[in-house]
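Participant: Predicted model follows, preceded by the sequence.
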Amino acid sequence: MSGGDEAPSWDRVLIGWLIIPPVIALIIWITMFDKKWEVGLPMLALVPMWATFAGQLKIVSVKGKIAWKDFPGTCLFVMSLVVVLWSICFVDPYSVMSRPRVAGPIPTTCAEGGNLVQTVTSLNVARVLVDAPADIYTVASNCWDCKPRRIYSSSFPGSFFIDTTHNYDYMLVSTVNTNPVRYNNPTFNDQGVYEIDLTSFPSITIRVINEAWSYPVPIVVAVACLIFLQLLYVFGNRISDAYCKDDLSAWEATKKGLSFWVSENQVDDIQQEQESTQSKRIESLDIFRGISLVVMNIANYGGMGYWFLDHSKWDGLTVADLVFPWFIWIMGVAMAIALESRRIQADKGAAILHIIKRSSILILIGMLLSTSDGLSSFKNARIPGVLQRFGLSYLVVAITILLVPKNWLGVNREGYLPVAIQDGSATEAWLPKLAFGPSLVELPVYLIFMSVWLIVTFTVSFDHLGYHCDGYIGPGGISQQGAHFGCTGGAANYLDHKMFGDKHIYNSGCFPCDTYMDYDVKDNVCTSVRHHDPEGFLGSLNSIILCWLGVVAGRIVVTGKKTGNRRFVSFAMGALGCFLCLVAAVLCGFRQFGGPIPVNKNLWSTSFIFLMAGTGTLFLLVLQFIVDWKQYWSGKPFIFVGMNSILYYSMHEIMQNFVPFSAPSDAAPTRAAAVISVLLGVSTNVTVVYWLFRNKLFLKI
């Protein structure tokens, strides 16, 4: 403490925070007899939580002024909000989640024996009235050249429920003893009620009985609220700064890890440590990693009911399809920074042992996350998986970096940095060789991986269910009018079933059964397509290439950091990103369906990995400009997630069915409910890693 400053007594403040939850719980106990435990217990649970966060209070004392901004900050606010909303959902789910207007069964999957399973839902569903006997068939817009499926059949006027996740290309309608009539682009939206008027058949009219709920409103409102909170935080900090201009920011105080009081004499030390940390770490990389993980978290928690936050059923690209491959690519960027340092280059044997150890741990964690029923889970445990692919990609690319000789480049062992650049005598002519030289030496290795993928994908011959599947890379089922029904995933799917068996690949639900299975609601029968694992063996070859493309971009970043030439970094990364995107566009024929090699996350096709590497390179360049070069944005809260990525991923997988990481199960599954539930779960996960950051706790492998 400086200059006789004395710490004021904060006991009354802390005691006040700790008393609030029990008082609220007691009021609930007295007034809500039928819900007293469901609502009272979460409020009591706030006591240790608030005590924990209050213990992290950082107060800065500078020249007699006390600054207590960020007390105890975002953690307390978000966690309190989560528990309060969770409690309200038990009292009246519809007060927070909104009451659905339409709820009914839609076809979802096939049961054993070929029986169609229809699941009642109130998310992405509409009700359709039919004023005459009719048979109705539909083809969804996300199902390429698909065979129509009968979704309604009745000898009397009636109604049915229809999935509104995607639009429909056309609808076939037939009445008694008539040929089907095609109606193009019928529009049905969530929670709407419609009537198909057949009184003037073959003329068909679709009337709106009840307007659908606005599709974008829930997510737009949620984003607006988050922006408002961020602006509130920014202006609150500015007000605090105006009161105490010499105050350290909460970020700097927590970097130092000092508890409760920071004296004036410690200010310079903290600032110097902050500057040293920033000089060593590329923060845009942590922020990129954090953004990828948060979006992955949203997608894995259901995507809020929006199709673009869910994975593509086959060809094509959504926001959810970006994040996992981007994370593989980011790993490559980080490897370029870490593995070419002087320490690692000087002891390659120890480095290889560390690489093998780290890869093995990643694969083991991935295997354990796929088990949920004790030892018996291993009988059906999924062998391929997300972390398994991380481990394999890291292993191959890291060993390639270390073992492929690069002596001809004329560079030293200090990160392949030319001596001429170290002493400042080199010209910009050295920069391309420094940035791209090592990658050109390694290129033949990855051309071999790419060739293997192409040869196996397009030349392996096999039959399944009586269908000949040479060179097929489609979803099978009703796609292309059912001509390749049993060929789902082509050679990639065939190899996975041969290598791992039916019980040890992805089988959560039936993917991509809901889109490409054949069914008929009249007879309640269906024929399912084969399960496909999007993290299978053959796609791992291309994920290795994607990781290496991250190394290529990472070497540009390292070159810019060592030489300080941002102009070269901007040009090189921009050119590389655009080139990779152009290659992807050529490979897919500039279209979603029917190209030579479509963009496909389920197969990790060649066009897909080039597109992911290209967009990742351009996005990282933007983040570098905003974060590292101009300091326009601190990257919060994504930087906290990126700095604890393995823990965040494992936590979101394990805890997604636990309170307060999810909303109560009896909350109505409407779009608004889905948005609130996902935001509560993701906010809780982010809050936990933020608390770990404040305590300097990081899980490293």
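Facilitator: Perfect, I can see it now. Numbers count the residues shown, from 1 in each chain.
Participant: Leu362: neighbouring residues, count only.
Facilitator: 22 (other C-beta atoms under 10 Å). Every C-beta, even on glycine, is put in place using the N, C-alpha and C of the backbone.
Participant: how near is it to Leu392?
Facilitator: Distance of Leu362 to Leu392, computed by C-beta to C-beta, to the nearest Å: 9 Å.
Participant: For Asn542, what is the enclosing helix or strand?
Facilitator: Secondary structure assignment for Asn542, by DSSP states H and E: helix 537-563.
Participant: That helix packs against which elements?
Facilitator: In terms of contacts (3 or more C-beta pairs under 8 Å, 6 or more residues apart in numbering; DSSP states H and E), helix 537-563 is packed against helix 319-338, helix 386-403, helix 430-459, helix 490-500, helix 566-587, helix 606-623.
Participant: Among the ones you listed, which comes closest to Gly303?
Facilitator: helix 319-338 (6.1 Å; C-beta to C-beta).
Participant: who's in contact with the residue nearest to Pro202 when sequence neighbours are not counted?
Facilitator: Counting by C-beta to C-beta, 6 or more residues apart in numbering, Val181 is the residue found nearest to Pro202 once chain neighbours are left out, at 4.5 Å. When contacts are counted by C-beta atoms under 8 Å, 6 or more residues apart in numbering, Val181 touches Leu172, Val173, Ser174, Phe201, Pro202, Ile204.
Participant: Low-confidence regions, this structure specifically.
Facilitator: The chain contains residues with pLDDT under 70 at 1-98, 233, 236-237, 240-280, 340-346, 372-378, 406-429, 508-513, 659-669.
Participant: Provide a list of residues in contact with the spatially most central residue of it.
Facilitator: For the chain, the residue nearest the mean C-alpha position is Met296 (1.1 Å; C-alpha atoms, centre = their mean). Residues near Met296 by C-beta under 8 Å, 6+ apart: Ala320, Val323, Phe324, Phe327, Tyr649.
Participant: does it count as helix, strand or coil?
Facilitator: Judged by DSSP: H, G, I helix; E, B strand; the rest coil, the three-state class of Met296 is helix.
Participant: Distance of it relative to Tyr648?
Facilitator: 10 Å.
Participant: before we move on, what about Met331?
Facilitator: Relative to Tyr648, and taking C-beta to C-beta, Met331 is found at 15 Å.
Participant: Same check on Gln481?
Facilitator: Gln481 sits 44 Å away from Tyr648, taking C-beta to C-beta as the criterion.
Participant: So which of these two has more stuff around it?
Facilitator: Tyr648 (25 against 11).
Participant: Identify the residues contacting the more buried one.
Facilitator: Leu293, Asn297, Val641, Asn685, Val689.
Participant: How many neighbouring residues does the residue lying closest to Pro405 once chain neighbours are set aside have?
Facilitator: Spatial nearest neighbour of Pro405, excluding adjacent residues (C-beta to C-beta, 6+ apart): Val441 at 7.5 Å. Val441: 16 surrounding residues under other C-beta under 10 Å.
Participant: Next: Trp329.
Facilitator: 31.
Participant: Verify the stated contact: it with Leu549.
Facilitator: Yes. Trp329 lies in contact with Leu549 (C-beta atoms under 8 Å); the separation is 6.4 Å.
Participant: Which neighbours do the two have in common?
Facilitator: Ala613.
Participant: and the nearest residue to Tyr467 once chain neighbours are set aside, which of the three is it?
Facilitator: Spatially, and ignoring its direct neighbours in sequence, Tyr467 is nearest to Gly486 (4.1 Å; C-beta to C-beta, 6+ apart). Using three-state DSSP, the secondary structure recorded for Gly486 is coil.
Participant: Stretch 284-301: how far from the chain's middle?
Facilitator: Stretch 284-301 has its C-alpha centroid displaced from the chain centroid by 5 Å (C-alpha atoms, centre = their mean, to the nearest Å).
Participant: Mind exporting the C-alpha coordinates of that stretch to PDB?
Facilitator: Taking Å, rounded to 0.1, in the frame of the first residue of the first chain, the C-alpha atoms of stretch 284-301 are listed here in PDB:
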ATOM      1  CA  SER A 284      -5.500 -12.800 -32.800                       C
ATOM      2  CA  LEU A 285      -4.800 -16.500 -32.900                       C
ATOM      3  CA  ASP A 286      -6.300 -17.100 -29.500                       C
ATOM      4  CA  ILE A 287      -9.300 -15.000 -30.500                       C
ATOM      5  CA  PHE A 288      -9.800 -17.000 -33.700                       C
ATOM      6  CA  ARG A 289      -9.600 -20.200 -31.800                       C
ATOM      7  CA  GLY A 290     -12.100 -18.900 -29.200                       C
ATOM      8  CA  ILE A 291     -14.600 -17.800 -31.900                       C
ATOM      9  CA  SER A 292     -14.400 -21.200 -33.500                       C
ATOM     10  CA  LEU A 293     -15.000 -23.000 -30.300                       C
ATOM     11  CA  VAL A 294     -18.000 -20.800 -29.300                       C
ATOM     12  CA  VAL A 295     -19.700 -21.300 -32.600                       C
ATOM     13  CA  MET A 296     -18.900 -25.000 -32.400                       C
ATOM     14  CA  ASN A 297     -20.500 -24.900 -28.900                       C
ATOM     15  CA  ILE A 298     -23.700 -23.200 -30.400                       C
ATOM     16  CA  ALA A 299     -23.900 -25.800 -33.200                       C
ATOM     17  CA  ASN A 300     -23.500 -28.800 -30.900                       C
ATOM     18  CA  TYR A 301     -26.200 -27.400 -28.500                       C
END
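Participant: if we can go back for a sec, going by neighbour count, which of the contacts of Val181 comes out on top?
Facilitator: For those, neighbours tallied by other C-beta under 10 Å; top is Val173, 23 neighbours.
Participant: Report all helices and strands that the strand or helix carrying that one contacts.
Facilitator: Using DSSP H and E, the element containing Val173 is strand 168-174. The contact analysis (3+ C-beta pairs under 8 Å, 6+ apart) places strand 168-174 against strand 134-140, strand 181-184.
Participant: go with 10 Å
Facilitator: strand 134-140, strand 149-154, strand 181-184 (3 or more C-beta pairs under 10 Å, 6 or more residues apart in numbering; DSSP states H and E).
Participant: residue ranges of the helices in the stretch 201-350 of the chain, please?
Facilitator: Assigned by DSSP state H, counting those that start in this stretch, the helices in the stretch 201-350 of the chain fall at 217-243, 250-256, 267-280, 283-300, 319-338, 342-346, 348-369.
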